[in-house]
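Peer 1: Just to be clear, the model below is a prediction. Sequence and coordinates:
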Amino acid sequence: MAKTTKSDTIPKKEQERTKTQKKAILVALEKTLGVVTTACKEVGIARSTFYEWHDTDDMFKKAVDSIGDVAIDFVESQLFKQIKKGVPASTIFYLKTKAKKRGYIEKSEIDMNIGGEQIIGMIIKNSDNE
């Protein structure tokens, strides 16, 4: 006997509507540079629906993630334009985030993880077990 999938139980008309809405939300996300709330309002779907699709549809998730990367690329290009114009705050921001190894930091960062788990969480867990 054949296995029943979720798509087998959803009427074809609803499947097509969902497919159309997913395409529309991806277009809206591109226009809004990945701002989910604005894109959802433009398309007329709930944020919870967007996140359900994001969590259950791998192809949709990859498309959304790709749009997020495009938004970051755009913002970085704007940052470089400001650096070229001589905006000191932009230059300082870039150096603090991208040139830490060269000493452009104001404070030291300490990795508080051991084996992927935060030390604070380990302390709390251990004190609970006593």
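Peer 2: Structure received.

Peer 1: what about the helices in this structure?
Peer 2: 6-9, 12-31, 36-43, 47-56, 58-84, 88-98, 119-129 (DSSP state H).

Peer 1: Backbone dihedrals for Ile45, please?
Peer 2: Taking degrees, to the nearest 10, you get phi -120, psi 160 for the backbone angles of Ile45.

Peer 1: circling back: so of the helices of the chain, which one's packed in deepest?
Peer 2: helix 36-43 (a mean of 17; mean count of other C-beta atoms under 10 Å). Glycine gets a C-beta too; all of them are placed from N, C-alpha and C.

Peer 1: counting contacts, what elements does that one pack onto?
Peer 2: Judged by 3 or more C-beta pairs under 8 Å, 6 or more residues apart in numbering; DSSP states H and E, helix 36-43 is in contact with helix 12-31, helix 47-56.

Peer 1: can you put those helices in JSON lines and add distance to Ser90?
Peer 2: Converted to JSON lines, the helices and strands packed on helix 36-43 look like this (distance: least, C-beta to C-beta, whole Å):
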{"stretch": "helix 12-31", "distance to Ser90": "25"}
{"stretch": "helix 47-56", "distance to Ser90": "32"}
